[in-house]
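1. output the structure for:
(one chain, ligands or ions: 2)
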Amino acid sequence: MIAAPRLPARVAMAQAVHSEIIVEGLAATGYAVVADAFAPEAIAALRERSFSLDARGEFVAAGIGRGTARAARSDIRGDRIRWLDRMEAAREEAVVWRTLDALRNALNGSLMLGVWSFEGHYALYAPGAFYARHRDVFRDDDARVVSCVLYLNERWHAAEGGALRLHVGEGKCVDVLPQGGTLVTFLAERFEHEVLAATRPRLALTGWFRRREREPHAVARRG
Ligand code: OGA
Ligand code: MN
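-> Numbering: from 1, shown residues only. Ligands and ions are numbered 1, 2, ... in the order given. Have a look, this model is predicted:
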């Protein structure tokens, strides 16, 4: 029998600490920002991975809405995306899935969020592209519980724009620069947010922890 590869203690420990900080942030304010959530080498490898996917033509214009209402609207959302597929995860993506597993366990164990799956994509904004103020839950589908954004950009400067602007209430907002290694998490239902235009390409890995979808039949039977 082959033993399952174990995580180096240092990596496992860092994941536990980050999960704890995120759980505390979500409980206290509804959001958390962790700088250097991943090693610079891991971020560089993910950046390279996304560039090679882009070179292969695997990114598509992002849409808004769901199902038949789905439409490309660059006046609202100007990024191009490539969905992640865990079954076909590249070597450099393994650390992301492992970290997300640890975080999901912490979210369920400490906050009872009942999240089961994760859907996510790379998102690439060309200079000038933006995502207007929005919420991450759809009108007809509230399965998204926690939004996560991991930035993959090298040495980002404030003057380059591209901040994530979280509207945290009472006219207040929090701006987060898309600095490589920074991981932002927030309660998907709670916050409107927007992506400001940048002067250089802006790369992120974005996704959502989801609760189990309600059975359509169960809803219909209720009436
Ligand atoms: C999104 C989003 C934020 C960011 O893709 O829904 O809000 O900072 N992204 O990229
Ligand atoms: Mn969003």
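
2. OK, contacts around the residue in the chain that ligand 1 sits nearest to?
-> In the chain, the residue found nearest to ligand 1 is L164; the distance is 3.4 Å by CB to the nearest ligand atom. In this view, the C-beta of every residue, glycine as well, is placed from N, C-alpha and C. By CB atoms under 8 Å, 6 or more residues apart in numbering, the contact set of L164 is V149, D175, V176, P178, V184, H193, E194, V195, L196.

3. same question, A42
-> By CB under 8 Å, 6+ apart, A42 lies in contact with E92, V95.

4. make it 10 Å
-> V11, E92, E93, A94, V95, V96, T99, L150, L152, G180, G181 (CB atoms under 10 Å, 6 or more residues apart in numbering).

5. which SS class is it?
-> helix (DSSP: H, G, I helix; E, B strand; the rest coil).

6. so which bits of the protein are right by ligand 1?
-> A123, Y131, D136, V149, L164, H193, V195, A204, T206 (CB under 6 Å from any ligand atom).

7. tally of neighbours for T182?
-> 23 (other CB atoms under 10 Å).

8. ugh, wrong one, I meant L187
-> With other CB under 10 Å as criterion, L187 counts 18.

9. wait, it sits on A28?
-> No. Using CB atoms under 10 Å, L187 makes no contact with A28, being 11.5 Å away.

10. nothing else from me, thank you.
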